[in-house]
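# missing the sequence, but the structure's below:
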């Protein structure tokens, strides 16, 4: 357990040996294979991996869209995976919200912004008056930097960045504690990405929100995350604070991800050697890999021989 | 670069008619592309970069028309081409295109080999076994192992990166002179992105292709482009060699694009964001189109459109800041020392 956790008390979200399977029972596909991490209150946890690595599946398992095949997810110390009472279910629906990847696809084309943003409230059966609801929508839109008048428009009238703001407003109106942001900016232009990232940072500061930020690009995650987990084929490869991960990455896959970040620097970029991760570089037949904490808060998956190499690298 | 350009646009103007309203998508754009070079056109969504390159292939939407200027491919006047038959001599054969999304640009009902072979038969006049061999050869060219077997597979059996390789194989199978890559890696993961860019670069060398990259991300082209053209609101605002644009950018819009890259952000500080939105092209633009979003815009920026000022024989920018009478405005701090310091991803 890391030291910061003792200061803030119990972590907000705990994912414990999580496993998620798809397909039939006879031929299951193990999308997530024994993933363990926690997210402290008020922090941003970045989950990075390529398509098909299971990063979205983990997010969806936490928000209870994908059923859990093994292990459990705890929220404020209480188990939230598996069967829940309707009261618990409702409370969690409000507390945990999600922001989706593609703002072109995730908004109902036929509904007005007013309805899109307030749909969550309606679903929870809040006996809201019309005035009170409109007030809340206007407030949520203002919070994400949009004009309250936009409530009467349709999604197609907005640009990609504005749509993503609507997606954020829709999550905010529920007054959540924890937001799962699944690649919230990868469908946006680079110039718009900064606006959305800054908005998310500001909202976090103002409301003490906790984020799970899912992405495939380390350069973006670096910017917003306190701690980062690197996932490959359903398993965590490395988990560390942003500082640790960028100053001494250990796992070869992390190094591959780092080397793939394109740099706005032509001369050095041309000399760069691209690291390609080859899973067969591990020899795990006899010497099984273990999830080991090599320095406080810095975990890596490796067998004894690899771990010794990593320790050397850290100068231990 | 004294030779004749392979592709050349002069004061090209293109207008769309939408519900009776006229939108000027290209506002007198000029660009020369030389044989064998690799040029990147960088700009935000709606800057007209895709519209511009689509004119090279006669793929402009039906409600759009070239209303002024010239467009040449070698000695062919592209503005004079009217019928599909005329275009087919250029499209695919001379100028080929790789589209953004490999999920939608392949036919899901046909094997990938057939899709390559179709292009080969159409443009190279090969038939049967010869066409088959050419298609397999193209698959090998783009780094797909076991090409004979993969030939018979369907697009859904390929991953995103592999599909983009197939799309590239279709484009190069007809041995085009010019390859236009429209956001070739936007739909892909970073690790795959680097591999695909490397592949295009290798193919360019191998076949002496002229490549044009279109992207919104300045970060990805540092490695692949010889020259960079920055587009804003239907016109090029800055063009120069790769090093010149990255290490010595002159236009405030180029500054803004560079500064907003997350690679250059400092953790704990807000990222640089370009405020506002690109101009509405249904309305005529006065002066420098970027002026309303530029906090340091000069008065003249709102009145008169700046001409191109030459920075070096290969580097020019459309900004009044380069006028000898203009006040001295320096590029933002975070991009000023790129050349000396490089980019550090460390988090302090």
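All right, it came through fine. Here the structure is a predicted model, which is why all the values come from computation and not from measurement.

# The helix ranked longest in chain B - contacts with which helices or strands?
Counting by DSSP state H, the longest helix found in chain B is helix B:190-207. Under the contact criterion of 3 or more C-beta pairs under 8 Å, 6 or more residues apart in numbering or on different chains; DSSP states H and E, helix B:190-207 touches helix A:252-260, helix B:160-173, strand B:178-182. Yep, even glycine has a C-beta here, placed from its N, CA and C like the rest.

# make it 6 Å
Judged by 3 or more C-beta pairs under 6 Å, 6 or more residues apart in numbering or on different chains; DSSP states H and E, the packing partners of helix B:190-207 are helix A:252-260, helix B:160-173.

# between these, which gets nearest to residue B:150?
Evaluated with C-beta to C-beta, those place helix B:160-173 nearest to residue B:150, the distance being 8.4 Å.

# Show the average pLDDT along that closest one.
For helix B:160-173, mean pLDDT is 92.

# who's in contact with it?
B:96, B:98, B:102, B:105, B:112, B:116, B:119-120, B:138-139, B:142, B:144, B:155, B:188, B:192, B:196, B:203 (C-beta atoms under 6 Å, 6 or more residues apart in numbering or on different chains).

# from the middle of its chain, how far away would that helix be?
Relative to its chain's centre, helix B:160-173 lies at 17 Å (C-alpha atoms, centre = their mean, to the nearest Å).

# by how many degrees do that helix and strand B:178-182 diverge?
Computed by axes from the mean of the first three to the mean of the last three C-alpha atoms, to 10 degrees, the angle separating helix B:160-173 from strand B:178-182 equals 150 degrees.

# by contact count, what packs against the first helix or strand past the longest helix of chain B going along the chain?
Going down the chain from helix B:190-207, the next helix or strand is strand B:210-215, by DSSP states H and E. Strand B:210-215 sits against strand B:38-42, strand B:178-182, with contacts defined as 3+ C-beta pairs under 6 Å, 6+ apart.

# What strands flank the first one, and is each parallel or antiparallel?
Strand B:38-42 has these partner strands in its sheet, going by DSSP bridges: strand B:210-215 (parallel), strand B:227-232 (parallel).

# Format these as TSV; extra columns: mean pLDDT and mean neighbour count.
Formatted as TSV, the strands paired with strand B:38-42 follow (pLDDT from 0 to 100; neighbours: other C-beta atoms under 10 Å in any protein chain shown):
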stretch	mean pLDDT	mean neighbour count
strand B:210-215	95	24
strand B:227-232	96	25
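
# which residues does residue A:195 contact?
A:161, B:273.

# That one: which element?
Using DSSP H and E, the element containing residue A:195 is helix A:190-207.

# Partner strands of the particular helix or strand that has residue B:65 in it and their direction?
Taking DSSP H and E as the criterion, residue B:65 maps to strand B:64-73. Paired neighbours of strand B:64-73 in the sheet (DSSP bridges): strand B:7-18 (antiparallel), strand B:76-77 (antiparallel).

# pLDDT (mean, whole number) over it?
93.

# One more: stretch A:304-313?
Taken as a whole, stretch A:304-313 has a mean pLDDT of 92.

# how about it: buried residues?
A:306, A:307, A:310 (16 or more other C-beta atoms under 10 Å in any protein chain shown).

# the helices in the chain, which residues?
Picked chain A for this. A:3-8, A:55-62, A:86-95, A:113-123, A:130-143, A:160-172, A:190-207, A:218-224, A:242-247, A:252-260, A:266-271, A:304-314.

# that's the wrong chain, I wanted chain B
Going by DSSP H, chain B shows helices at B:49-55, B:84-88, B:112-124, B:128-141, B:147-150, B:160-173, B:190-207, B:218-221, B:242-247, B:252-259, B:333-336, B:338-341.

# Of those, which is nearest residue A:43?
Between these, helix B:190-207 lies closest to residue A:43; by C-beta to C-beta that is 23.7 Å.

# got a list of contacts for the closest one?
In contact with helix B:190-207 (C-beta under 6 Å, 6+ apart) are residues A:50, A:216, A:217, A:260, A:274, B:143, B:161, B:164, B:172, B:185, B:211, B:224.

# Among these, the buried ones, what's the ChimeraX command?
A single ChimeraX command suffices to select whichever of the contacts of helix B:190-207 are buried according to 16+ other C-beta under 10 Å:
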select /A:50,216,217,260 /B:143,161,164,172,185,211,224
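
# any idea which of the strands paired with strand B:64-73 is most buried?
Comparing these by mean neighbour count (mean count of other C-beta atoms under 10 Å in any protein chain shown), strand B:7-18 ranks first with a mean of 18.

# Not counting sequence-adjacent ones, nearest residue to the closest residue to chain B within the stretch 1-150 of chain A?
Proximity of the stretch 1-150 of chain A to chain B (C-beta to the nearest C-beta) peaks at residue A:50, 4.5 Å away. Spatial nearest neighbour of residue A:50, chain neighbours left out: residue B:189 (4.5 Å); criterion: C-beta to C-beta, 6 or more residues apart in numbering or on different chains.
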